[in-house]
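>>> Return a 3D structure for these sequence lines:
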Amino acid sequence: MSRVTLAQWQMLAAVVDHGGFARAAEAIHKSPSTLNHAVHKLEEQLGVAVMEPVGRQVRLTEAGELLLRRARQLLENASSLEDVASRLAEGLEAEVVLAVDQIFPPDALARALEAFSAAYPHVRVQLHETVLNGGIEMLYDGGADLVVSGISAQGFLGEPLVRVHFVAVAHPDHPLHRLGRPLDLRDLEQHRQLVVRDSALRQSMDAGWLKAEQRWTVSHLHTSIDMLERGLGFAWIPETRLRQALAEGRLARLPLAAGGSREYPVQLIHRDPDRAGPATHSLAEALKAAVATCPAAEPFEAIE
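Residues are numbered from 1 along each chain as shown. Okay, the predicted model is just below:
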């Protein structure tokens with residue numbers, strides 16, 4: 001057991017912060033004699049002098065400065081622990097599991113998590129970056145509190161969140177660009193297509209145009225984009241993940257006469273909105289707010 005209590009460290013900190021026993025006593029509603037006794041008892045228990053007289057005032061000794069600096073960390077941790085316990089007693093979740101399809105705008109996701117962190121700094125977040133049925137499978141298995149997906153989940157009501165635009169792209173020096181004319185889907189059949197694998201373990205699916213004779217399948221959009229920039233194929237990619245690469249000329253839109261762009265609605269789905277705690281609801285609101293304020297995202301309300 002610790003020989004010194006947190007209350008003793010709190011009283012020592014108050015004496016230092018308020019410039020003496022009398023002012024500290026008034027600030028924390030203790031008598032000066034109580035503070036004096038607490039500090040002397042602390043020194044006796046530690047076997048170290050933490051304060052020394054200087055005229056009519058007292059100040060920390062060198063050892064006292066070191067010890068109080070460490071003690072403040074303990075006090076902050078204790079306060080944080082009590083805050084977490086209080087929130088848990090009110091029904092706050094210790095953790096929120098969020099499954100987000102990789103097509104969701106990354107800037108909006110980062111803004112949402114930043115806002116959530118400010119509101120609930122002690123709640124852990126498990127973020128799963130899913131593809132196609134991956135998030136829905138987690139929802140069915142009870143493994144996610146919130147799911148952001150472009151696929152509907154049977155038995156769950158989703159809330160429209162954002163529309164994601166896909167565009168067909170390749171490296172500017174790719175043979176498809178060198179044709180120098182509008183393309184049709186038959187042109188694509190002769191070249192390698194890069195696709196992202198469904199992250200579902202049991203009920204994976206394919207989506208979009210998949211008729212190229214050559215196809216490479218990867219697990220993450222970042223990998224697909226990296227390969228595109230190396231000239232290793234073509235793909236349809238969310239426009240929000242391409243803007244810098246397009247602006248800098250690392251990738252270029254394929255001049256397809258038709259089918260060069262697609263649009264997918266993305267929705268927000270609660271596993272159980274009635275049983276969800278305040279942190280889960282707060283994260284859901286943060287996602288909706290982030291979409292509304294993120295320039296790269298296109299919320300449903302903005303589209304007529």
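
>>> C-alpha from now on. contacts and neighbour counts both.
Fine.

>>> Which residue lies nearest the spatial centre of the chain?
L113 (3.6 Å; C-alpha atoms, centre = their mean).

>>> any chance you could map the strands in the stretch 1-150 of the chain?
For the stretch 1-150 of the chain, the strands defined by DSSP state E, counting those that start in this stretch occupy 51-54, 57-60, 95-101, 124-130, 146-149.

>>> What residue, apart from its backbone neighbours, is nearest P273 spatially?
Sequence neighbours aside, H281 is the residue nearest to P273 in space, at 7.8 Å (criterion: C-alpha to C-alpha, 6 or more residues apart in numbering).

>>> The one you found: which element?
helix 278-293 (DSSP states H and E).

>>> so which of the strands of the stretch 1-150 of the chain gets nearest S31?
strand 57-60 (17.0 Å; C-alpha to C-alpha).

>>> how far is that closest one from where the chain is centred?
46 Å (C-alpha atoms, centre = their mean, to the nearest Å).

>>> so what's P238 up against?
I103, V164, H165, F166, V167 (C-alpha atoms under 8 Å, 6 or more residues apart in numbering).

>>> right, and the first one touches R163 too?
No - because the distance of 9.9 Å does not satisfy C-alpha atoms under 8 Å, I103 is recorded as not touching R163.

>>> more neighbours, the two?
Of the pair I103 and R163, I103 is the one with more neighbours under other C-alpha atoms under 10 Å, namely 25 against 22.

>>> Against which helices or strands is the lengthiest helix in the chain packed?
When the chain is scanned for its longest helix (criterion: DSSP state H), the result is helix 62-89. When contacts are defined as 3 or more C-alpha pairs under 8 Å, 6 or more residues apart in numbering; DSSP states H and E, helix 62-89 packs onto helix 6-18.

>>> what's in contact with the helix it packs on?
For helix 6-18, the external contacting residues (C-alpha under 8 Å, 6+ apart) are 21, 23-25, 27-28, 35, 38-39, 42, 59-60, 68, 71-72, 74-75.

>>> which of the residues you listed count as buried?
21, 23-25, 35, 38-39, 42, 59-60, 68, 71, 75 (16 or more other C-alpha atoms under 10 Å).

>>> could the strands of the stretch 1-150 of the chain go into JSON lines alongside distance to R250?
Listed next are the strands of the stretch 1-150 of the chain as JSON lines, based on distance: least, C-alpha to C-alpha, whole Å:
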{"stretch": "strand 51-54", "distance to R250": "65"}
{"stretch": "strand 57-60", "distance to R250": "61"}
{"stretch": "strand 95-101", "distance to R250": "25"}
{"stretch": "strand 124-130", "distance to R250": "25"}
{"stretch": "strand 146-149", "distance to R250": "28"}
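
>>> quick one, which of those strands is nearest to S2?
Closest to S2 of the strands of the stretch 1-150 of the chain, according to C-alpha to C-alpha: strand 51-54, at 20.7 Å.

>>> what is the mean pLDDT for the closest one?
Average pLDDT, strand 51-54: 88.

>>> Tell me, how many residues neighbour L157?
Using other C-alpha under 10 Å, L157 is surrounded by 15 other residues.
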